[in-house]
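Visitor: Take this sequence and fold it.
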Amino acid sequence: MKDLSNENAVRFFDWVLYNDDIYTLLFRLAMNLLFLTVVIRFLYYPKTKRKDYLFTYYLIGMITFFICFSLKKLDIDTGMGLGLFAIFGIIRYRTGTVDIKEMTYLFLVIGLSVINSLASNKISITEMVVINGSIIGLTAGLEYIWLLKHETRKTIVYERIDLIKPEHYNEMLADLKERTGLEINRFEVGKINFLRDIAQVMIFYYEDDQKFSDYTTQDSSEFTND
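Guide: Below is the predicted model:
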């Protein structure tokens with residue numbers, strides 16, 4: 001990083017309004033977003049079709065990038081480092097009570113708060129605007145443009161294991177639609193218990209397309225019998 005005290009830095013009171021590091025930020029941001037897109041959108045998503053995780057991976061990747069970029073320009077002692085570790089340690093993505101998307105928003109809020117609270121005259125105002133604007137813009141784009149239809153998934157216990165064969169896919173899909181009353185667009189077969197003749201099936205559907213929204217917003221644990 002270049003020294004912000006150089007002649008190219010433009011100051012506004014005690015804050016640096018602009019300096020040459022903004023070009024470094026924009027270049028690294030573009031590279032990071034490019035490689036994230038390759039890994040998440042073109043390698044991960046075509047195989048899984050999990051839009052909630054696509055949303056999560058993008059935002060976590062970008063927040064981590066901005067936190068590291070900001071901390072690189074600051075003198076952080078051991079106590080501050082442990083404090084940051086404790087803050088992010090409260091996030092548990094394996095929880096069964098909070099949806100992963102809500103946990104991602106929690107990570108986003110904490111990340112932006114950490115970045116903005118640690119900002120000093122070593123980080124220019126222009127860099128802070130780019131960091132906050134990029135995160136807000138990416139979130140808005142994922143929510144309202146790219147991921148306009150939110151795909152919901154629920155796990156159910158299915159007893160007609162004679163239909164779990166690939167050649168019976170369409171027949172099983174029709175049966176699942178009739179039983180659940182949902183406009184299911186796809187499903188995945190999980191654990192199969194041949195002793196009890198049951199299988200765990202994860203169904204995927206667009207919540208906005210359903211006729212009874214109060215039914216589709218129930219927690220997935222209500223559909224799973226142990």
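
Visitor: Ignoring the adjacent residues along the chain, who's closest to Ile131?
Guide: In space, and not counting its chain neighbours, Ile131 is closest to Phe66: 4.7 Å by Cβ to Cβ, 6 or more residues apart in numbering. The C-beta positions use only the backbone N, C-alpha and C, and glycine is treated the same way.

Visitor: So the one you found sits against Leu108, correct?
Guide: No - at 10.7 Å, Phe66 and Leu108 do not qualify as touching, with contact defined as Cβ atoms under 8 Å.

Visitor: Mind listing the shared neighbours of these two?
Guide: Between them, Phe66 and Leu108 share these contacting residues under Cβ atoms under 8 Å, 6 or more residues apart in numbering: Ile135.

Visitor: These two: which is more packed in?
Guide: Between Phe66 and Leu108, counted using other Cβ atoms under 10 Å, Phe66 has the larger neighbour count: 24 against 19.

Visitor: Could you confirm the more buried one falls within a helix?
Guide: Yes - Phe66 forms part of a helix when assessed by DSSP: H, G, I helix; E, B strand; the rest coil.

Visitor: do you know how far it is from Val109?
Guide: Counting by Cβ to Cβ, to the nearest Å, the gap between Phe66 and Val109 amounts to 13 Å.

Visitor: Repeat that for Asn32.
Guide: The spacing between Asn32 and Val109, counted by Cβ to Cβ, is 21 Å.

Visitor: Show me which of the two is the more surrounded one.
Guide: Higher neighbour count among Asn32 and Val109: Asn32, with 16 against 11, using other Cβ under 10 Å.

Visitor: Quick check: the gap between the nearest residue in space to Ile164 that is not next to it in sequence and Leu195.
Guide: Counting by Cβ to Cβ, 6+ apart, Ile164 lies nearest to Val189, which is 5.1 Å off, once chain neighbours are set aside. Here Val189 is placed at a distance of 17 Å from Leu195 (Cβ to Cβ).

Visitor: Looking at these two, which one has more neighbours?
Guide: Set side by side, Val189 and Leu195 give different neighbour counts by other Cβ under 10 Å, the larger being at Val189 (17 against 5).

Visitor: my guess is that one is in a strand, correct?
Guide: Yes - checked against three-state DSSP, Val189 lies within a strand.

Visitor: so what's it bridging to?
Guide: When bridges are called by DSSP bridges, Val189 pairs up with Val201.

Visitor: quick one: it and Lys165 touch, right?
Guide: No - look at Val189 against Lys165 with Cβ under 8 Å: they stay out of range, at 9.5 Å.

Visitor: Let me see the contact set for the closest residue to Leu182 other than its chain neighbours.
Guide: For Leu182, ignoring the flanking residues on the chain, the nearest one in space by Cβ to Cβ, 6+ apart is Tyr205 at 5.0 Å. When contacts are counted by Cβ under 8 Å, 6+ apart, Tyr205 is found next to 151-153, 182-185, 216.

Visitor: got the residue ranges for the helices in this structure?
Guide: With helices called from DSSP state H, the chain shows them at 21-37, 45-48, 51-72, 78-88, 100-118, 125-141, 169-180, 213-216.

Visitor: and Tyr18, how many residues sit next to it?
Guide: Other residues near Tyr18 come to 15 when the count uses other Cβ under 10 Å.

Visitor: Which strand residues bridge it?
Guide: Taking DSSP bridges, one obtains Val10 as the residues bridged to Tyr18.
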